[in-house]
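Provide a 3D model corresponding to the input given below.
(2 chains)
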Number of protein chains: 2
Amino acid sequence: MRIAVIGGTGKEGYGLALGWARAGQEVVIGSRVMERAVRAAETINAAVGRGRAVGMLNREAAATGEIVVLAVPYDAHESTLRDIREEVRGKVLVDVTVPVDPERPRHLRTPPGGSATEEAQALLGSGVRVVAAFQNISYAHLDQVEASACDVLVCGDDADARQEAIKLARFLGFRGLDAGPVRNARVIEGLTILLMGINRRYKAKGAGIQITGIPEQ
Amino acid sequence: MRIAVIGGTGKEGYGLALGWARAGQEVVIGSRVMERAVRAAETINAAVGRGRAVGMLNREAAATGEIVVLAVPYDAHESTLRDIREEVRGKVLVDVTVPVDPERPRHLRTPPGGSATEEAQALLGSGVRVVAAFQNISYAHLDQVEASACDVLVCGDDADARQEAIKLARFLGFRGLDAGPVRNARVIEGLTILLMGINRRYKAKGAGIQITGIPEQ
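Prediction:
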């Protein structure tokens, strides 16, 4: 699968892209700065030992990817979505964005649209199937080859798109779980802020969550 | 500790009260109907084999408890809080309420005040220390003697009150975790709706959550 990671030079986006390249997927790193995209792709190829990654500008990356993952800071969320809007038409967009307030990063923020992912779906319209995923996976875990004890909660209004994101989680060694409609993104995104607080309070580095009590699939 | 459970005849409240009685705590079951409160207390005493539980009307129970647990349906939340308002002054109120919409129980609902617990804190004022806890523990787990693989996320604006609720969780065999300010209750309450959806989709009975990656305390 050819996976474009918009914002693929940031910690979270880079970690995801590296993991997918390790899993043998084609990865397209998108950035606002061509040079940074190319450098990140080269670093991934060096780490993986194969030429699996290429770097492009965000819009070009979005056009090239079969599935598009959005991993940008919240303050670049809307402008990036407007930038790649035409290129993602008909595709699945996996939104990783957490609406952190740069002024008060510890404070849970409910964005005007309820959640970043709901805002993305509203902005892109029904021609793009938006799902939330990977918000609760610390980039610290993405850098480990072994699978971590974290689940990936996936929500979005299209069931097939949710399954696509669950597949992306599996490539990284995580269990992905169908967490229902896009409206639930406000819980998944908020959980990240809550986990960041737990990290501080319990001197943890990458607190995550696992869903218990589900029969083996 | 003398724990009052307002709404202690409902599934969740009864399960919590039974667990605390089993752990040797004094339990006061509160109900709107005296007879039901007394009957629930008798059932608990028969199960535990000791006279640990008594039944009272909600307001009387709130006055008697050293710590007060509120486990009522959301549509009775505000009226119950108004009823017990004076009796809980100076105490810790542990709010277990999930703002489920009776018309659309599967639909995540954000109450006007952000969350039921935030609404409780706003209504009761700073003289009562309100915390959210136990929303994500299915009553199915409360009925088991062995501890379940679920954590209890506790949030509220008073750190000592959060510790009190963490102690209540420990009585039941659960790990309680300090999940920060009361504002985070919207995540904890929303998680319950999300878990109910996972129960349906994965044919589970009591999906729960566990926080991973925290160093042993």
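
For the lengthiest helix in chain A, which helices and strands make contact with it?
Using DSSP state H, we find that the single longest helix of chain A is helix A:185-201. Judged by 3 or more C-beta pairs under 8 Å, 6 or more residues apart in numbering or on different chains; DSSP states H and E, the packing partners of helix A:185-201 are helix A:116-124, strand A:129-132, strand A:151-156, strand A:208-212, strand B:175-178, helix B:185-201. Where you see a C-beta, it was placed from the backbone N, CA and C, and this is true even at glycine.

Please convert those to JSON lines, extending it with mean neighbour count, distance to B:Thr43 and mean pLDDT.
Converted to JSON lines, the helices and strands packed on helix A:185-201 look like this (neighbours: other C-beta atoms under 10 Å in any protein chain shown; distance: least, C-beta to C-beta, whole Å; pLDDT from 0 to 100):
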{"stretch": "helix A:116-124", "mean neighbour count": "23", "distance to B:Thr43": "44", "mean pLDDT": "98"}
{"stretch": "strand A:129-132", "mean neighbour count": "29", "distance to B:Thr43": "43", "mean pLDDT": "98"}
{"stretch": "strand A:151-156", "mean neighbour count": "27", "distance to B:Thr43": "37", "mean pLDDT": "97"}
{"stretch": "strand A:208-212", "mean neighbour count": "22", "distance to B:Thr43": "28", "mean pLDDT": "94"}
{"stretch": "strand B:175-178", "mean neighbour count": "20", "distance to B:Thr43": "26", "mean pLDDT": "97"}
{"stretch": "helix B:185-201", "mean neighbour count": "23", "distance to B:Thr43": "25", "mean pLDDT": "96"}
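
Which stretch among these approaches B:Leu18 most closely?
Among these, strand B:175-178 comes nearest to B:Leu18, with 18.2 Å by C-beta to C-beta.

CA-only coordinates of that closest one in CSV, if you can.
Below are the C-alpha coordinates for strand B:175-178, written out as CSV (Å, rounded to 0.1, in the frame of the first residue of the first chain):
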residue,chain,number,x,y,z
ARG,B,175,-6.1,0.4,40.3
GLY,B,176,-7.2,4.0,40.5
LEU,B,177,-5.3,6.6,38.5
ASP,B,178,-5.1,10.3,39.0
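
any idea how far chain B is from A:Leu81?
23 Å (C-beta to the nearest C-beta, to the nearest Å).

nearest residue to that residue other than its sequence neighbours?
Counting by C-beta to C-beta, 6 or more residues apart in numbering or on different chains, A:Leu123 is the residue found nearest to A:Leu81 once chain neighbours are left out, at 5.2 Å.

what's the distance between that neighbour and B:Val98?
30 Å (C-beta to C-beta, to the nearest Å).
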